[in-house]
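**Student:** Coordinates for the following, if possible.
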Amino acid sequence: MMMNKMIDEQIKKKSKRLFFSYGIKSISMDDVARECGISKKSIYQYFDDKNALLCAIVDEVVQSHKQLLKTCRLTSKDAIDEVIKQSGEPFEIWANIRPVFFYELEKSFPKAWHALNLYRSNMRDGIIRNLEWGKQEALYRADVNSTFTAEVWLHQVINFLQRRFVTTQKWCVHQSVTEFTKLHLHSITSEKGKQKIQTYFSQ
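**Tutor:** Predicted coordinates:
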């Protein structure tokens, strides 16, 4: 049983690297088998087809990101602290995926795409919760429209993480996202919140 789980994880790990780096359509199941060092027949013992494999990969990425965000939420002192914590490792997961992966996923693999879109809706709800939390603490401006701001912030984050948007090549993803997060926070915080921003980032 343990060996089966190890092979399952290995297939997802190797195919994830291929799909994220080169897109979905240019990678065949033969390519996946070759990368994994096993036969294509062996892969089909774990995944019925490419669609099933992609669904498993998307689910794994979503669950990993969800756990990271949960940890950020549970360990944060306040709403600003939560946003700053979220500007770290979770973004690395998405930043390593080429835009063509999402394009091909949407066009040809609706089940996996639907699961990803559903999670985006959950992310938006999480941003709204954070905005309401920040307003209750008087760290965010009371006039901030939580629903609109959440939609814009999520859209900006998704587009920003496409590597072609990061023109400052000497910066790593984390540095870029940190500056992007500062920009976002300064646009929604009260004077009390701005003092918190300086305190957190100086630490």
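
**Student:** Just the buried positions in the helix or strand containing Tyr200, please.
**Tutor:** Using DSSP states H and E, Tyr200 sits within helix 191-202. Of the residues in helix 191-202, 193, 196-197, 200 count as buried by neighbour count, 16 or more other CB atoms under 10 Å. For every residue, glycine as well, the C-beta is placed using N, CA and C.

**Student:** on contacts alone, who are the packing partners of that helix?
**Tutor:** helix 79-86, helix 173-188 (3 or more CB pairs under 8 Å, 6 or more residues apart in numbering; DSSP states H and E).

**Student:** so Leu69 sits right up against Val83, yeah?
**Tutor:** No - with contact defined as CB atoms under 8 Å, Leu69 does not reach Val83; the gap is 10.9 Å.

**Student:** Please say which of those two ends up with more neighbours.
**Tutor:** Val83 (24 against 17; other CB atoms under 10 Å).

**Student:** need the contact list for that one.
**Tutor:** Residues in contact with Val83 (CB atoms under 8 Å, 6 or more residues apart in numbering) are 130, 181, 184-185.

**Student:** Can you tell me which of the residues you listed is closest to Ala33?
**Tutor:** Thr181 (40.8 Å; CB to CB).

**Student:** Now that closest one: closest residue in space, sequence neighbours ignored.
**Tutor:** Ser87 (4.0 Å; CB to CB, 6 or more residues apart in numbering).
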